[in-house]
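>>> Below are the sequence and a predicted model; questions follow.
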Amino acid sequence: MVAARTTRRLLKGTVLLLGMLPFLLLLQATINDQLGANPIQALHFSLGDWALRFLMIGLALTPIKIITQQAWPLRYRRMMGLLAFFYASLHVLVYLVLDLSGSWTAFMDEVPKSPYILVGLLTYLLLIPLAITSIKYFKKKLGRRWFTLHKLVYVAVLSACLHYLWLVKLDVSQPLLYMGLLGILLSIRVVNSYRNRGA
């Protein structure tokens, strides 16, 4: 029992380190001035990409559990959500502090002209309560309401995909790929739900 618990902790530690690796690589590239001609944009986009990737990975864990009939993938769901929130927070921070130089006037001027920013802000606002209530204390305290609240992750992932789609101007293959993957993951959940009702 102790050995199994130790193994689980080691695996979680390894997954966390892997999850932080993109941040460390981006930090190194920033320090060494290796982000290209537009470093702020490169940093901003890379952080947003990783936020969306971790959201998708977190959403994929339940379908993996359904397909494999193994419950262990769900142990990493909270970690994936928190990693997504971490990268999303940095994504927003880079935009506000580095891109807009912390100017509230520039922010208020930019937002009405850019619908993708509004959708991005909506995504981030949806992630905040999910991150705060991810600890076990809130899960016990909220009961069934916790599960209802955390269904917001579906809205957050969809709005993140739309944010990405509206952000890019020419090559929309990447955001469409994410949206297609989202459709597959949600379809697996819906099919499984109908099967369980009919069982």
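Nice, I can see it.

>>> okay but T30 is in contact with L43, surely?
Yes. Using C-beta atoms under 8 Å, T30 is in contact with L43, at 6.3 Å. Heads up, the C-betas are built off the backbone N, CA and C, glycines and all.

>>> and the two? which has more neighbours close in?
L43 (22 against 15; other C-beta atoms under 10 Å).

>>> Thought V94 was touching the more buried one, still the case?
Yes. L43 is in contact with V94 according to C-beta under 8 Å; the separation is 5.5 Å.

>>> Give the next helix or strand downstream of the least confident helix or strand in the chain by mean pLDDT.
Using mean pLDDT, DSSP states H and E, helix 104-110 stands out as the lowest-scoring helix or strand of the chain, at a mean of 85. As assigned by DSSP states H and E, the chain's next helix or strand after helix 104-110 is helix 115-132.

>>> From the contact counts, what lies against the next helix or strand after that next one?
Later in the chain than helix 115-132, the nearest helix or strand by DSSP H and E is helix 136-142. Packing partners of helix 136-142 (3 or more C-beta pairs under 8 Å, 6 or more residues apart in numbering; DSSP states H and E): helix 144-149.

>>> The helix it packs on: how far from the chain's middle?
Distance of helix 144-149 from the chain centroid (C-alpha atoms, centre = their mean, to the nearest Å) equals 19 Å.

>>> Show the contacting residues for L158.
Taking C-beta atoms under 8 Å, 6 or more residues apart in numbering as the contact definition, L158 lies against L182.

>>> buried stuff in whatever helix or strand it lives in?
Using DSSP H and E, L158 sits in helix 152-167. For helix 152-167, the neighbour count (16 or more other C-beta atoms under 10 Å) marks 153, 156-167 as buried.

>>> can you check stretch 116-135 too?
117, 119-124, 126-127, 130-131, 133-134.
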